[in-house]
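In: sequence first, predicted model second:
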Amino acid sequence: MSTPYGYGGRPQDRVGPPPGVLPPPVAQYPQQGVPQYGGQQYGQPYYGPGPNQFNGFQPPRRRGSAIRLVLIGFFSVAFLGIALSVVGVLLTSGNSSSASSGGPQISSGPSVVPTAKSNAPKGSAEDYLLNAPIYKVGGLGELDCKAEDLGDGSLAAQKVYYEKLFKCLNDAWRPAFAKMGKHEPDPGLIVFDQPVDGPCGHFAPLSGRVLAFYCFGNHVMYTDVQQMNKAFGPKEDLAYLMTIAHEYGHHVQSVSDLFYARQAYLADHPDEKLESSRRNELQASCFAGVFSRAIEKSYPFTARLKEFEFQASNSFGETPKTPPSERTHGLATSQGYWIVNGLNVGETKACNTYAATQSQIK
């Protein structure tokens with residue numbers, strides 16, 4: 001049965017998330033008076049590769065490109081869904097190797113550096129996904145990033161928390177982007193407790209199960225104050241940390257051109273849309289883990305590693321009851337696997353989910 005958002009047919013053919021999660025509606029103009037941080041403007045389209053560029057992939061320029069092909073089919077909102085039930089399974093050592101450097105490591109968690117095994121055509125989108133420069137920038141150093149108190153979880157309290165965390169995210173990732181020769185503006189941030197409009201559509205508080213999302217259309221992150229409070233309350237601050245760091249992970253994919261490469265790859269391999277979605281989302285979570293490594297001492301959560309592991313594996317993603325054909329984000333345990341892997345390895349090389357095995361992206 002079709003929904004007002006156009007879902008119907010096979011789940012794997014859907015552009016957006018499965019029913020029960022708010023998908024991105026048609027883009028509208030922004031609502032005036034909504035708090036915005038970061039200086040980004042609405043309405044900036046996100047351009048993809050032009051015709052005949054799927055072999056010999058070349059990421060387009062962020063602005064001023066002569067190519068004006070909007071990725072309508074893939075103009076999607078990236079988000080973390082709340083698990084329908086708590087999955088009472090912690091990570092096991094499984095595929096693990098020694099961490100690349102000292103620092104915090106959850107003894108029962110993974111420490112894996114995926115290695116590309118396929119021989120993708122040189123210069124192709126697949127080659128870029130497997131060997132992107134972002135995987136070679138290393139760690140993010142050690143930041144002084146003491147967490148702000150979430151208080152009662154109100155709009156004012158969450159804004160203070162997010163603004164501090166957002167500054168830390170920018171400070172952490174900016175040097176990594178510079179290593180790749182990227183000097184893009186910092187993304188925007190909107191913290192809302194009233195309806196908000198933008199290139200990715202209209203969103204109201206407590207709509208569906210959207211906690212927060214990154215809009216590739218204007219490079220702005222949005223956070224639903226009421227939904228976050230409902231999902232976690234003001235005490236589960238590590239869940240807030242992971243949620244925002246995950247969404248920033250999508251910005252990392254944008255700046256590093258992984259987003260473009262994925263769309264180019266899917267244009268030639270549409271049957272891999274579902275699997276690619278999981279690899280994409282789990283990669284964003286891994287980037288969140290890498291960032292967490294940079295702030296674990298100052299935040300601090302050095303003495304809370306078991307809590308970190310539990311939140312990582314029980315707060316986000318899909319449940320075993322979700323049909324495999326509808327797992328767009330991966331199981332909650334898969335989310336936890338990649339968040340903890342990013343933390344344990346502490347470098348971006350941990351996050352090459354496009355080289356991961358099928359068993360690691362369920």
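Out: Great, that's in hand. Numbering: from 1, shown residues only.
In: can you give me the strands for the stretch 201-350 of the chain?
Out: 201-203, 210-215, 220-224 (DSSP state E, counting those that start in this stretch).
In: right, and Met242 touches Ser313 too?
Out: No. Using Cβ atoms under 8 Å, Met242 is not in contact with Ser313; the gap is 10.5 Å. Yep, even glycine has a C-beta here, placed from its N, CA and C like the rest.
In: and for the residue lying closest to Ala172 once chain neighbours are set aside, the neighbour number?
Out: Excluding the flanking residues, the one nearest Ala172 by Cβ to Cβ, 6 or more residues apart in numbering is Leu140, at 4.4 Å. Counted by other Cβ atoms under 10 Å, the residues lying close to Leu140 total 24.
In: next: Pro185.
Out: Using other Cβ under 10 Å, Pro185 has 13 neighbouring residues.
In: that one falls within a strand, correct?
Out: No. Counting by DSSP: H, G, I helix; E, B strand; the rest coil, Pro185 falls outside a strand, being coil.
In: re earlier: give me the three-state assignment for the residue nearest to Ala172.
Out: Following three-state DSSP, Leu140 is assigned to coil.
In: that one against Glu296, yeah?
Out: No. The pair Leu140 / Glu296 is not scored as a contact, 11.2 Å apart, by Cβ under 8 Å.
In: which pLDDT does the model give Gln12?
Out: Listed pLDDT for Gln12 reads 31.
In: my error: substitute Gly181 in the last question.
Out: Looking at Gly181, its pLDDT is 96.
In: this protein: helices as residue ranges?
Out: For the chain, the helices defined by DSSP state H occupy 125-131, 155-179, 225-232, 237-255, 258-268, 273-295, 305-314, 332-345.
In: rewinding a little: what is in contact with Leu140 and Glu296 at once?
Out: Overlap of the contact sets of Leu140 and Glu296 (by Cβ atoms under 8 Å, 6 or more residues apart in numbering) is empty.
In: got any ranges where the stretch 1-150 of the chain has weak pLDDT?
Out: Applying pLDDT under 70 to the stretch 1-150 of the chain flags residues 1-103.
In: what's the closest of the helices of the chain to His219?
Out: Among the helices of the chain, the nearest to His219 by Cβ to Cβ is helix 237-255 (6.5 Å).
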